[in-house]
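Trainee: Starting from these lines, generate the structure:
(one chain, ligands or ions: 3)
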Amino acid sequence: CGAAGHTDSCYGPINHIEHVRHVKRMQPGAQGASYGPTRPLEWGQFNVMHTTDTHGWLEGHLKEKNYGADWGDYVTFTNHMKHKAGNMGVDLLIVDTGDLHDGTGLSDATNPDGELTNDLFKELDYDLLTIGNHELYVSDVSYQVFNSFQNYWGDKYLTSNVQIFNPSTNEYEYIGKTHKYFTTAHGLRIMAFGILYDFTGNSNSTKVIKAAQMVQQQWFQDAINTKDVDMFLLLGHNIARTTTGGSTFGLVHDAIRKVQPKTPIQIFGGHSHIRDFAVIDESSTALESGCYCETLGWFSMSGFDKTNSGFTGVKNPHGVSNPTRKATTTSTSPFVYSRRYLDWNRYTFEYHSIGKQDDASFDYHSGERVTSDITGYRTELKLGELYGCVPDSYCSTCVPFTDPKNIFTVLSDALAVSVTNPARADKVKYVFCNTGGIRYDLFKGPFTYDDNFIVSPFRDVWLTIPDVPFNLASALLNGLNHGGVSKRDIFSAMPIPRDVCVDPMTAPLSEIKARGDERLGTSRRQVTETPGFTTKDDFGTDGDDTAHATVPHYSIPNYFQGVANLPTDGSTPAVADVVFVDFIQDYVLAFLGSAFTADMVKPYVSENFTSQDYLEPYVKAKWQAGMPNCPI
Ligand SMILES: Nc1ccn([C@@H]2O[C@H](COP(=O)(O)O)[C@@H](O)[C@H]2O)c(=O)n1
Ligand SMILES: [Zn+2]
Ligand SMILES: [Zn+2]
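Mentor: Ligands and ions are numbered 1, 2, ... in the order given. I've put the predicted structure just below:
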């Protein structure tokens, strides 16, 4: 909701946002509206709930009711589902595939990032987890994972190809475990791995072993040649669709298939932030479950019997739907599958667990305690502090890049106005940023401290090369965008096909003006289909648990710029300051040519002036109209 193209906003003043928690029970679909899930899940012998790329969104989406559940609600939901699985006599695993940081104030207003969100993560009874690239950009964050996260999970935290320098042994060691062989509650013998794609942007305290090398290592060969494996599980911060450039799952899958031609290989991926399900072969499929606590992935399969497994549970769990689809139409394999993409809201969680919208019986104390911790952390961190009122809604891809309602139109102005050094205030300047550094849309209405991180979470330092010849500075944007994709931005640059996934938006909610329960009164509306995900994957178009209307999607370039102080008389200046975030330094230098070297680059203001620091002054300078009760 509230994205450009959807002219109305969906929430009230965020200085009241903390008050929503006690009334957050009402969710889309409640009160008889025909919105929300309509089909029970298919339960198989083996079932999985999958999160990925949560990026700190454990508070839920305070401005989008359709993704409004918080981590406490998810804790409660997983408890219900584990009980359900137990009662049915089948297995249910809860898994996550990394990228826990960089996306909200809850994860990024602490130093190092993730200090609080990592602990909230630990409140969930995960069976298997693996690491993402966002745990590896900054050494402090990687050591935090090593010293106080992986050890909590023990052999459940899998990093098959990621190592860290351990100062106490003077050696690189695996951050977590390379693999795990275990037997489920109902007798399935599983060999699991956690494989990060061939990421190269990590700090020098860690090493990412390329998949091609990993599959040749003795430990891996021993693992895949282990006797009595009923199924291989490949978790990975790695694109699920193995044919997509950048995914290394295909390579690992093929290495296993060479020695295990028939054993099922089930893949859970992430990183490209989409909903997707791919058929790899007749006994192997791959699920990817979106991002930002908008999506919970559901996977189930059956086909295990005593000839191919040690499964001891119930073959076709009763009183529920069961998976029926073979991976391919010509499959002779016994395995059948189902997948579903659940919208992250309490109504969905209630529907699939207790089967009714009944808060009193849904909530568990364990989940409520996590919700209350989140509320407390938000207060401590002052995430609800109001900086200004956003006059309209601005999205990154739902309108063309140059549209006045595109977020980059606004942020180009913000770069020009607020990425500034008083000592160079009157100099002509070109300021560059990668579009991948902007992580979420801007909604009409209150702009808080939290929103500052939600839009621009990275601590990427603003750097400069002063007095660059004007012809080079003014051609730089075009050079960056057309002179080859930045390798580090390769994934954010990849167009996401619209038939696979669209940006999540919920419906315009102009009627909602209530103060204090801003995202909730909406549930009384009679809506049939709100804008949101419309996914097409290898099983077709029925994967989305809640049907949505498609949101338009326009591609965007890899870089955008802000320009200031051009002469008004039409003359051409001799030089301009070139300013850019450190994340793109190599590409800026590559375009400028050999006359420019790294030793000419210096902090624009100081090491402390980063991409987290320009929106706040911009909002305070430009968007005070309507304060403190921002019009919505
Ligand atoms: N310091 C950083 C780190 C990352 N980025 C951007 O994030 C992209 C990767 O995010 P995923 O969630 O897809 O792993 C990366 O390609 C950059 O666009 C950044 O801007 N600054
Ligand atoms: Zn991610
Ligand atoms: Zn990632």
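Trainee: looking only at pLDDT, what's the mean for the helix or strand Gly388 falls within?
Mentor: Here Gly388, judged by DSSP states H and E, is contained in strand 386-390. For strand 386-390, the mean per-residue pLDDT is 98.
Trainee: do stretch 35-45 as well
Mentor: For stretch 35-45, the per-residue pLDDT averages 93.
Trainee: Can you give me the buried ones in it?
Mentor: Neighbour counts over stretch 35-45 (16 or more other C-beta atoms under 10 Å) mark 35-37, 41-45 as buried. Where C-beta positions appear, they are placed from N, C-alpha and C, glycine not excepted.
Trainee: Return the set of buried residues in the longest helix seen in the chain.
Mentor: Ranked by number of residues, the top helix in the chain under DSSP state H is helix 71-88. Neighbour-count burial for helix 71-88, with 16+ other C-beta under 10 Å as criterion, is recorded at 71-82, 84-85, 88.
Trainee: Partner strands of the helix or strand following that helix and their direction?
Mentor: Note on helix 71-88: by DSSP H and E, the next helix or strand toward the C-terminus is strand 91-96. Paired neighbours of strand 91-96 in the sheet (DSSP bridges): strand 46-51 (parallel), strand 128-130 (parallel).
Trainee: Can you check which of those strands gets nearest to ligand 2?
Mentor: strand 46-51 (11.6 Å; C-beta to the ion).
Trainee: so what secondary structure elements neighbour the strand holding Gly388?
Mentor: strand 445-448, helix 449-455, helix 615-622 (3 or more C-beta pairs under 8 Å, 6 or more residues apart in numbering; DSSP states H and E).
Trainee: Give me the next element, helix or strand, following that strand.
Mentor: Proceeding N to C from strand 386-390, the next assigned helix or strand is helix 407-418, under DSSP H and E.
Trainee: near ligand 1 at all, that following helix?
Mentor: No - Helix 407-418 stays clear of ligand 1 (C-beta under 6 Å from any ligand atom), getting no nearer than 13.0 Å.
Trainee: Using CSV, write down the CA coordinates of that helix.
Mentor: Written as CSV, here are the backbone C-alpha positions of helix 407-418 (Å, rounded to 0.1, in the frame of the first residue of the first chain):
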residue,chain,number,x,y,z
ILE,A,407,11.8,6.9,-5.1
PHE,A,408,15.0,7.6,-7.0
THR,A,409,13.6,10.9,-8.2
VAL,A,410,13.3,11.9,-4.6
LEU,A,411,16.6,10.4,-3.5
SER,A,412,18.5,12.0,-6.4
ASP,A,413,17.4,15.3,-4.9
ALA,A,414,18.4,14.1,-1.4
LEU,A,415,21.9,13.2,-2.7
ALA,A,416,22.2,16.7,-4.1
VAL,A,417,20.9,18.5,-1.1
SER,A,418,22.0,16.4,1.9
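Trainee: quick revisit: mean neighbour count for the strands paired with strand 91-96 - can I get that in TSV?
Mentor: Shown next, in TSV, are those (neighbours: other C-beta atoms under 10 Å):
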stretch	mean neighbour count
strand 46-51	26
strand 128-130	27
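Trainee: Spell out which residues of the stretch 51-200 of the chain are next to ligand 1.
Mentor: The stretch 51-200 of the chain comes close to ligand 1 at residues 53, 99, 133-134, 137, as judged by C-beta under 6 Å from any ligand atom.
Trainee: still on that earlier bit, the longest helix of the chain to strand 91-96, inter-axis angle?
Mentor: 160 degrees (axes from the mean of the first three to the mean of the last three C-alpha atoms, to 10 degrees).
Trainee: hang on, Ile267 in a helix?
Mentor: No - with DSSP: H, G, I helix; E, B strand; the rest coil as the criterion, Ile267 is assigned strand and is not in a helix.
Trainee: what are the ranges of the strands in the stretch 251-400 of the chain?
Mentor: For the stretch 251-400 of the chain, the strands defined by DSSP state E, counting those that start in this stretch occupy 265-269, 275-281, 284-289, 295-302, 325-326, 336-343, 386-390.
Trainee: Which residues does the last one contact?
Mentor: What that stands for is strand 386-390. The set of residues external to strand 386-390 that reach it, using C-beta atoms under 8 Å, 6 or more residues apart in numbering, is 13-15, 442-449, 451-452, 616, 619-620, 622-628, 630-631.
Trainee: roughly how far is it from the heart of the chain?
Mentor: Distance of strand 386-390 from the chain centroid (C-alpha atoms, centre = their mean, to the nearest Å) equals 25 Å.
Trainee: now, which of the buried residues of helix 71-88 sits nearest Ala576?
Mentor: Among the buried residues of helix 71-88, Trp71 lies closest to Ala576 (C-beta to C-beta), at 46.2 Å.
Trainee: still on that earlier bit, ligand 3 is nearest to which of the helices and strands packed on strand 386-390?
Mentor: Of those, nearest to ligand 3 by C-beta to the ion is helix 449-455, at 17.0 Å.
Trainee: counting contacts, what elements does the closest one pack onto?
Mentor: When contacts are defined as 3+ C-beta pairs under 8 Å, 6+ apart, helix 449-455 sits against helix 105-108, strand 386-390, helix 615-622.
Trainee: Please produce JSON lines containing the ones you listed, extended by distance to Glu282 and mean neighbour count.
Mentor: Listed next are the helices and strands packed on helix 449-455 as JSON lines, based on distance: least, C-beta to C-beta, whole Å; neighbours: other C-beta atoms under 10 Å:
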{"stretch": "helix 105-108", "distance to Glu282": "40", "mean neighbour count": "26"}
{"stretch": "strand 386-390", "distance to Glu282": "50", "mean neighbour count": "22"}
{"stretch": "helix 615-622", "distance to Glu282": "50", "mean neighbour count": "18"}
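Trainee: Distance to Gly313 for those - can I get that in TSV?
Mentor: Below are those laid out as TSV (distance: least, C-beta to C-beta, whole Å):
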stretch	distance to Gly313
helix 105-108	37
strand 386-390	52
helix 615-622	52
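Trainee: looking at those, which is closest to ligand 2?
Mentor: Closest among these, using C-beta to the ion: helix 105-108, at 12.0 Å.
Trainee: my read: Gly250 touches Thr244, true?
Mentor: No - under the criterion of C-beta atoms under 8 Å, Gly250 makes no contact with Thr244, lying 9.0 Å away.
Trainee: Could you list every helix and strand that the helix or strand where Gln221 lies packs against?
Mentor: Per DSSP H and E: Gln221 is located in helix 218-224. If you count contacts as 3+ C-beta pairs under 8 Å, 6+ apart, helix 218-224 packs onto strand 179-183, strand 189-194, helix 249-259.
Trainee: Spatially, which residue comes closest to the residue of the chain found nearest ligand 3, not counting chain neighbours?
Mentor: Nearest residue of the chain to ligand 3: His271, at 3.9 Å (C-beta to the ion). Counting by C-beta to C-beta, 6 or more residues apart in numbering, His271 lies nearest to His237, which is 5.2 Å off, once chain neighbours are set aside.
Trainee: how about the residues of the stretch 201-350 of the chain near ligand 1?
Mentor: Checking the stretch 201-350 of the chain against ligand 1 by C-beta under 6 Å from any ligand atom, the hits are His271.
Trainee: what stretches of the stretch 201-350 of the chain score poorly on pLDDT?
Mentor: For the stretch 201-350 of the chain, applying pLDDT under 70 flags no range at all.
Trainee: sorry, back to before: so which of the residues of the stretch 51-200 of the chain next to ligand 1 is the closest to Phe277?
Mentor: Phe277 has its nearest neighbour among those in Asp53, at 16.2 Å by C-beta to C-beta.
Trainee: check contacts around the closest one.
Mentor: Listed by C-beta under 8 Å, 6+ apart, the contact partners of Asp53 are 97-99, 132, 270-271, 273, 290-292.
Trainee: Show me where the stretch 401-550 of the chain has its strands.
Mentor: In the stretch 401-550 of the chain, the strands defined using DSSP E, counting those that start in this stretch lie at 429-434, 445-448, 462-469, 530-532, 548-550.
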